[in-house]
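Novice: can't give you the sequence, but here's the structure:
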């Protein structure tokens, strides 16, 4: 039972942290197709832009059964199945968890820290 709960936590963490990024970086995410063309290039081995990667992580875990071409390329970049995200696949879970920790959680942390610092300066 605990194993099943653990596998459900990562998608929830991704979604919650993505909401922080989405609220703060809404304009960047809206125009993603134009701004982050590297993540759309076929055969690109480069990491997607961090903000775009947050969006791709969210789509991978939320839209598990309806992955578009960009998310499929992201799966290929991660080295996981391009068919759908399976939280019970340990290897895929570990790869996605690493990217979540390195990219999405870090972006959300920076946003929160920035907002708290700004509020402290205003109340100063």
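Specialist: Happy to help now that I have it. From a predicted model like this one, the values you see are computed outputs, not experimental measurements.
Novice: Every contact and neighbour count from this point should use C-alpha atoms.
Specialist: Fine.
Novice: Any idea how many residues pack against residue 118?
Specialist: Using other C-alpha atoms under 10 Å as the criterion, residue 118 is surrounded by 12 other residues.
Novice: Revised request: answer the last question for residue 104.
Specialist: Neighbours of residue 104 using other C-alpha under 10 Å come to 28.
Novice: Okay, it and residue 84: tell me how far apart.
Specialist: Distance of residue 104 to residue 84, given as C-alpha to C-alpha, to the nearest Å: 20 Å.
Novice: Same question for residue 10.
Specialist: Taken as C-alpha to C-alpha, the span from residue 10 to residue 84 is 15 Å.
Novice: Equivalent analysis for residue 54, please.
Specialist: Per C-alpha to C-alpha, residue 54 is found 17 Å from residue 84.
Novice: Neighbour count for the two, which is higher?
Specialist: A side-by-side neighbour count of residue 54 and residue 84, using other C-alpha under 10 Å, places residue 54 first with 27 against 17.
Novice: any idea how far residue 78 lies from residue 71?
Specialist: 10 Å.
Novice: swap in residue 115?
Specialist: 30 Å.
Novice: More neighbours: which of those two?
Specialist: Set residue 115 next to residue 71 and count neighbours by other C-alpha under 10 Å: residue 71 wins out with 23 against 13.
Novice: now the helix or strand where that one lies: mean pLDDT?
Specialist: Here residue 71, judged by DSSP states H and E, is contained in helix 69-78. Average pLDDT, helix 69-78: 90.
Novice: what angle do the very next helix or strand once past it and helix 69-78 make?
Specialist: Remark: after helix 69-78, the chain's next helix or strand is helix 90-99, criterion DSSP H and E. With axes from the mean of the first three to the mean of the last three C-alpha atoms, to 10 degrees defining the directions, helix 90-99 sits at 100 degrees from helix 69-78.
Novice: So what touches the helix or strand following helix 90-99?
Specialist: Using DSSP H and E, the helix or strand that follows helix 90-99 in sequence is helix 105-123. For helix 105-123, contacts defined as C-alpha atoms under 8 Å, 6 or more residues apart in numbering pick out 14, 17, 18, 20, 21, 24, 50, 51.
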